[in-house]
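Visitor: Here is my input, please return the structure:
(2 chains)
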Protein chains: 2
Amino acid sequence: MTRTIWWEDNQVKMIDQRILPLVFKIVSYDRYEDVAAAITDMVVRGAPAIGAAGGFGMALAALQSPATDRDSLLVDLAQAKAVLDAARPTAVNLSWATVRITGIASRSHVPGTYEVPGTSDIRSSIIIEAQRIADEDVEINRRMGAFGAAIVPDRANILTHCNAGSLATVDYGTTLGVVRAAVEAGKQVHVWADETRPRLQGARLTAWELMQDRIPMTLIADNAAGMLMRLGKVDLVLFGADRVAANGDVANKIGSYKLAVIARENGVPCYSVVPTPTIDLSLAHGDLIPIEERSAR
Amino acid sequence: MTRTIWWEDNQVKMIDQRILPLVFKIVSYDRYEDVAAAITDMVVRGAPAIGAAGGFGMALAALQSPATDRDSLLVDLAQAKAVLDAARPTAVNLSWATVRITGIASRSHVPGTYEVPGTSDIRSSIIIEAQRIADEDVEINRRMGAFGAAIVPDRANILTHCNAGSLATVDYGTTLGVVRAAVEAGKQVHVWADETRPRLQGARLTAWELMQDRIPMTLIADNAAGMLMRLGKVDLVLFGADRVAANGDVANKIGSYKLAVIARENGVPCYSVVPTPTIDLSLAHGDLIPIEERSAR
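Guide: Predicted coordinates for the structure are as follows:
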């Protein structure tokens, strides 16, 4: 299957996630404003995928800009950054990506030389950086999946919420990356997928992904998760995170708090599967952060 | 507004709850088998309403039966009881009602006399008893509502699950009866109504009822209840019960367990509003049973 989002022929292409699971369609954009709208309308969603969209959107902005000097190009890029950053503020990955791009764009010298970058140098380096943001995400997910597979028992019943799978990332997925890696490691896995009202990312996206990969899956109403845990039918709760605060608090799709409390109530391990990327890939690592309920209100 | 279900012209009439909130339609039945199907298909639902339907179904069976002697009539009634009881086993009110009817039907003498009841005596007493079952439910709900209104603070934000309102009963409602009584007592009340997947009784029925009565209401995805409680926006959680066990365990719509645990976690009072009716109305009382989490698995 294709990546969730990619760069091709100077266009951004992505799966239209609004119409899954009934229709699988690729859409193409050549204007950053349209990529921003796509983020807002949830054509693309999921924090890492939104980040990649932000990076590619900046690459489009670099090509759209008529600027012939560096300063004018940087002004156009700053405007594009503001539009893209505002598209969906919850996922911090978006501003991470646009900051990376503007950082690259505003380098004072071509690396390793005394040369001041010309506009075409800047444009190419932006496209290269956007591609790196996307490729790193896949690399991180595969690495994190391998870490996470180690904590998945054999014959595991895993409860998931929302969609932190391939469709939420550039490819492979965070939470579902752990599931895929466990399956690749030869473990038997069954997923209880919360349908995840109101937008049904579990029903439309997670269920679809797992069925594509033929991973055993049962779609459930969100209300059923408590009973399943109480009955001992859940071995592990996994979900992603839009954002992790410095104190370890996790922000994720509505309903995650309920799951974490019920999991603790029933002694079921609950993890938020989230990478903490840095600009230097060699420092990037995947962290599995156990959810512990915080009493401070 | 009409009652949820009633007897008129030797027919059972009821609101078709499958098509609310978009269409308000009354359907009529003159065969007990059709009443049983209506219960199974959720044309009528909610434990007390199902009970009344069972009673009225038995009244139809009494009229449908061609029997001209008491024993044959009792055989036909026993068959109808079996069909009705099987229509929806979770709500114990159904068998309560059919047992009351067969109890009345099998009385050895007309009360206060030496006469053995003839078939027309039995038929009329069944119809009268079915009407009493319905009328008692309304009386119980009004009484229980008055009890419950006392524990509703002024300016209360009440979280509800499923539909334990007028539509779940013959009229007035159990949980929503408490809400109505609080409003009638002059308290300001706002209801957070869980939409209640999978069958959306909250969205289709509770929201509709509260809007009919102009009681302030916000419909929420079930996943949002945890966050609302955490943020201190819920003063009271109220829901009904299909069944209460002798040890106080409550069986209710899926998702209730999650709500009870989250309510306890956040110090929010949580009540199951359920009457414990007996055959003699003078002994009937409404109990508000606080939900305490039971650790025994």
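
Visitor: touching chain B at all, stretch A:258-272?
Guide: Yes: between stretch A:258-272 and chain B, judged by CB under 8 Å from any CB of the partner chain, the touching residues are A:258, A:261-262, A:265. Yep, even glycine has a C-beta here, placed from its N, CA and C like the rest.

Visitor: What mean pLDDT does that stretch get?
Guide: Stretch A:258-272 carries an average pLDDT of 95.

Visitor: now do the same end-to-end measure for that stretch.
Guide: 14 Å (CA to CA, to the nearest Å).

Visitor: do the same with stretch A:38-51
Guide: In stretch A:38-51, first residue to last residue: 13 Å (CA to CA).

Visitor: for stretch A:231-243, same thing?
Guide: In stretch A:231-243, first residue to last residue: 31 Å (CA to CA).

Visitor: In that stretch, which residues are buried?
Guide: A:233-242 (16 or more other CB atoms under 10 Å in any protein chain shown).

Visitor: go on, stretch A:139-155?
Guide: A:139-149, A:152.

Visitor: need the contact list for A:S256.
Guide: Listed by CB atoms under 8 Å, 6 or more residues apart in numbering or on different chains, the contact partners of A:S256 are A:161-162, A:239, A:250, A:272.

Visitor: For chain B, what is the nearest residue in the stretch 1-150 of chain A?
Guide: A:T90 (14.0 Å; CB to the nearest CB).

Visitor: isn't that residue right next to A:R243, touching?
Guide: Yes: using CB atoms under 8 Å, A:T90 makes contact with A:R243 at a distance of 7.0 Å.

Visitor: any shared contact partners between these two?
Guide: A:A251.

Visitor: The stretch 101-250 of chain A: helices as residue ranges?
Guide: Listed in chain order, the helices of the stretch 101-250 of chain A (DSSP state H, counting those that start in this stretch) span A:119-149, A:175-184, A:201, A:207-212, A:224-230.

Visitor: In a markdown table: those helices, plus mean pLDDT and distance to B:D9.
Guide: What follows is the helices of the stretch 101-250 of chain A, written out as a markdown table (pLDDT from 0 to 100; distance: least, CB to CB, whole Å):
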| stretch | mean pLDDT | distance to B:D9 |
| --- | --- | --- |
| helix A:119-149 | 95 | 66 |
| helix A:175-184 | 96 | 59 |
| helix A:201 | 94 | 51 |
| helix A:207-212 | 96 | 49 |
| helix A:224-230 | 96 | 43 |
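
Visitor: Minimum distance to A:A37: which of those has it?
Guide: In terms of CB to CB, the element of those nearest to A:A37 is helix A:119-149, at 18.2 Å.

Visitor: Which strands and helices lie in contact with that closest one?
Guide: If you count contacts as 3 or more CB pairs under 8 Å, 6 or more residues apart in numbering or on different chains; DSSP states H and E, helix A:119-149 packs onto strand A:5-8, helix A:47-64, helix A:70-85, helix A:93-105, helix A:175-184, strand A:270-276, strand A:285-290.

Visitor: Can you report how many residues lie near A:M58?
Guide: Each residue near A:M58 was counted by other CB atoms under 10 Å in any protein chain shown, and the total is 28.

Visitor: phi, psi of the residue lying farthest from the centre of chain A?
Guide: Seen from the C-alpha centroid of chain A, the residue lying at the greatest distance (CA atoms, centre = their mean) is A:Y114, 37.0 Å away. When quoted as degrees, to the nearest 10, the phi and psi of A:Y114 stand at phi -90, psi 0.

Visitor: Span of stretch A:192-204 from start to end?
Guide: Start-to-end span of stretch A:192-204 (CA to CA) is 14 Å.

Visitor: ok now that stretch, how far from the chain's centre?
Guide: Counting by CA atoms, centre = their mean, to the nearest Å, stretch A:192-204 is centred 17 Å from the centre of its parent chain.

Visitor: What of stretch A:150-161?
Guide: 20 Å.

Visitor: for it, what is the average pLDDT?
Guide: Here the average pLDDT along stretch A:150-161 is 96.

Visitor: end to end, how far does that stretch reach?
Guide: 21 Å.

Visitor: is it anywhere near chain B?
Guide: No: Stretch A:150-161 lies apart from chain B when judged by CB under 8 Å from any CB; the minimum separation is 8.5 Å.

Visitor: Any chance you could list what contacts that stretch?
Guide: The contact list for stretch A:150-161 (CB under 8 Å, 6+ apart) reads A:175-176, A:178-179, A:182, A:187-194, A:196, A:202, A:206, A:222, A:225, A:228-229, A:233-239, A:252-253, A:255-256, A:259, A:268-269, A:271, A:288.

Visitor: Buried ones among these?
Guide: A:175-176, A:178-179, A:182, A:189-194, A:196, A:202, A:206, A:222, A:225, A:228-229, A:233-239, A:252-253, A:255-256, A:259, A:268-269, A:271, A:288.
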